[in-house]
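Student: for reference, the sequence and a predicted model appear below.
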Amino acid sequence: MLVGLLWVLFVVSALALSLLILIQEGRGGGIAEAFGGMGQETFGSGARGVNKVTAGLAAVFLVSAILINKASQSSSSLDIPDAAPASTSTDSGSGENKGG
């Protein structure tokens, strides 16, 4: 159940982060300039809040990815038994003479 919620959080944060990064105006204008240069009008004159939201979404994305990885490692270690596999005997040291 928890892993499912982590996956939902991971996908939602990835999509939101991708959209937010594409909308932001960078040094070259980015995709916001392709839509008529509405980068500043969309976010107002101060884009610091958008940068903080982007950093927060990036942190959520990173933490959820790490937690999904840790959860999958712990669940896969439960599937592998600790006992060594049964060894096959070759009868090389039995002392019997099989040749005639």
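Tutor: Cool, the structure landed. Residues are numbered from 1 along each chain as shown.
Student: tell me the helices and strands packed up against the lengthiest helix in the chain.
Tutor: Counting by DSSP state H, the longest helix found in the chain is helix 48-79. Packing partners of helix 48-79 (3 or more C-beta pairs under 8 Å, 6 or more residues apart in numbering; DSSP states H and E): helix 2-23. For the C-beta atoms, the positions are set from N, CA and C on the backbone; glycine is no exception.
Student: show me where pLDDT drops low in the chain?
Tutor: Along the chain, the parts satisfying pLDDT under 70 run over 26-47, 76-100.
Student: if we can go back for a sec, between helix 2-23 and the longest helix of the chain, find me the angle.
Tutor: On the basis of axes from the mean of the first three to the mean of the last three C-alpha atoms, to 10 degrees, helix 48-79 is oriented at 150 degrees to helix 2-23.
Student: begin at 567 from now on, thanks
Tutor: All right, first residue 567 from here; so that's helix 614-645.
Student: buried residues in helix 614-645, which are they?
Tutor: Residues 616, 620, 623, 626-627, 630 are the ones in helix 614-645 that count as buried (16 or more other C-beta atoms under 10 Å).
Student: and those residues as TSV, adding distance to residue 579?
Tutor: As requested, the buried residues of helix 614-645 are arranged in TSV below (distance: C-beta to C-beta, whole Å):
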residue	distance to residue 579
616	16
620	11
623	5
626	5
627	4
630	6
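Student: residue 573 contacts residue 635, doesn't it?
Tutor: No: shown here, residue 573 and residue 635 do not form a contact pair, counting by C-beta atoms under 8 Å, at 11.8 Å.
Student: contacts only, for residue 620.
Tutor: 583, 586-587, 590 (C-beta atoms under 8 Å, 6 or more residues apart in numbering).
Student: so it versus residue 584, what's the distance?
Tutor: Distance, residue 620 to residue 584, using C-beta to C-beta, to the nearest Å: 11 Å.
Student: cool, residue 638 as well?
Tutor: From residue 638 to residue 584 the distance is 23 Å (C-beta to C-beta).
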